[in-house]
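[1] can't give you the sequence, but here's the structure:
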């Protein structure tokens, strides 16, 4: 059973470009979380999605950030018009709904030049 | 207010000795869960151990144990017989409520260095 997959693992963008981060949850998991880890800090919650629904987006910046989890395919975290302050590691985690552990992907490290 | 506090930015331990990483939390919920994750230099998040607020026994997983003191709101991680591979960042996290869908709140982390 493959773990949570994230791609790309590393992403470099120039200021003003768009970043798309993908997360494929573990097989059978229909819950996905996105967290952001700024340098030298702990992870901070961004958004919680179930298939085709955003359940909690209280941690998402109000502008430029959006997330989706379509019926088919991976969850996407999209950052428009990136700025240097968006440079961070972005982790997704999935949950089967029957256990307490959130299974984390390896993360995508975004660098904005 | 901080919900999860890890007061030790960095710790050193001699190989084969035990080490305790501190974590205190703040919640008004009666039902919650506490987690520890390890983040090595490669960056992935590795789940170590979980303690539910209603669990009467302290959680143990191999060399990891969680010293849960509910009245003090502390959930310290104890690593016994430290190994060089234990050198990493360690995060304490909390999920409030019984719903599995509730988000995790993380502390700032403790860097552990194991000396040979």
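    Okay, I see it. Since the model is a prediction, treat every value here as computed from it, not as a measurement.
[2] what does chain A put close to chain B?
    Listed as neighbours of chain B in chain A under the rule CB under 8 Å from any CB of the partner chain: A:31, A:33, A:35, A:41-45, A:48, A:50, A:55-56, A:59, A:89, A:91, A:93, A:95, A:97-104, A:106-107, A:109. For the C-beta atoms, the positions are set from N, CA and C on the backbone; glycine is no exception.
[3] which ones are touching the residue nearest the centre of chain A?
    Residue closest to the mean C-alpha point of chain A, counted by CA atoms, centre = their mean, is residue A:34 at 3.8 Å. Residues in contact with residue A:34, defined by CB atoms under 8 Å, 6 or more residues apart in numbering or on different chains, are A:23, A:45-47, A:49, A:67, A:75, A:77, A:90-92.
[4] turn these into a markdown table, columns for pLDDT.
    Output for the contacts of residue A:34, formatted as a markdown table (pLDDT from 0 to 100):
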| residue | pLDDT |
| --- | --- |
| A:23 | 97 |
| A:45 | 94 |
| A:46 | 96 |
| A:47 | 95 |
| A:49 | 91 |
| A:67 | 97 |
| A:75 | 97 |
| A:77 | 98 |
| A:90 | 98 |
| A:91 | 97 |
| A:92 | 96 |
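[5] looking at the residues you listed, state which has the most neighbours.
    residue A:92 (31 neighbours; other CB atoms under 10 Å in any protein chain shown).
[6] that one contacts residue A:36, correct?
    No: counting by CB atoms under 8 Å, residue A:92 sits too far from residue A:36 to count as a contact (10.6 Å).
[7] how about the residues of chain B near chain A?
    Residues of chain B lying near chain A (CB under 8 Å from any CB): B:4, B:33, B:35, B:37, B:43-47, B:50, B:52, B:91, B:93, B:95, B:100-101, B:103-109.
[8] just the buried subset of those residues, please.
    Applying 16 or more other CB atoms under 10 Å in any protein chain shown to those, the neighbour count classes B:4, B:33, B:35, B:37, B:44-45, B:47, B:50, B:91, B:93, B:95, B:100, B:103-109 as buried.
[9] listing partners with orientation, what would you give for whatever helix or strand the residue nearest to the centre of chain A lives in?
    Under the criterion of DSSP states H and E, residue A:34 resides in strand A:31-37. Taking DSSP bridges as the criterion, strand A:31-37 forms sheet pairs with strand A:43-50 (antiparallel), strand A:88-95 (antiparallel).
[10] what's the average pLDDT for the helix or strand just after the last one?
    It refers to strand A:88-95. Once strand A:88-95 ends, the next helix or strand along the chain (criterion: DSSP H and E) is strand A:103-104. Average pLDDT, strand A:103-104: 90.
[11] same thing with stretch B:10-23?
    Stretch B:10-23 comes out at a mean pLDDT of 97.
[12] run the chain-centre distance for it.
    12 Å (CA atoms, centre = their mean, to the nearest Å).
[13] which residues does the closest residue to residue A:64 other than its chain neighbours contact?
    If the residues on either side of it in the chain are set aside, residue A:64 comes closest to residue A:80, at 4.7 Å by CB to CB, 6 or more residues apart in numbering or on different chains. Under the criterion of CB under 8 Å, 6+ apart, the neighbours of residue A:80 are A:18, A:64-66.
[14] pull out the buried residues from those.
    The neighbour count (16+ other CB under 10 Å) marks residue A:65 as buried among the contacts of residue A:80.
[15] thought residue B:65 was touching residue B:59?
    Yes: between residue B:65 and residue B:59 there is a contact under CB under 8 Å: 6.9 Å.
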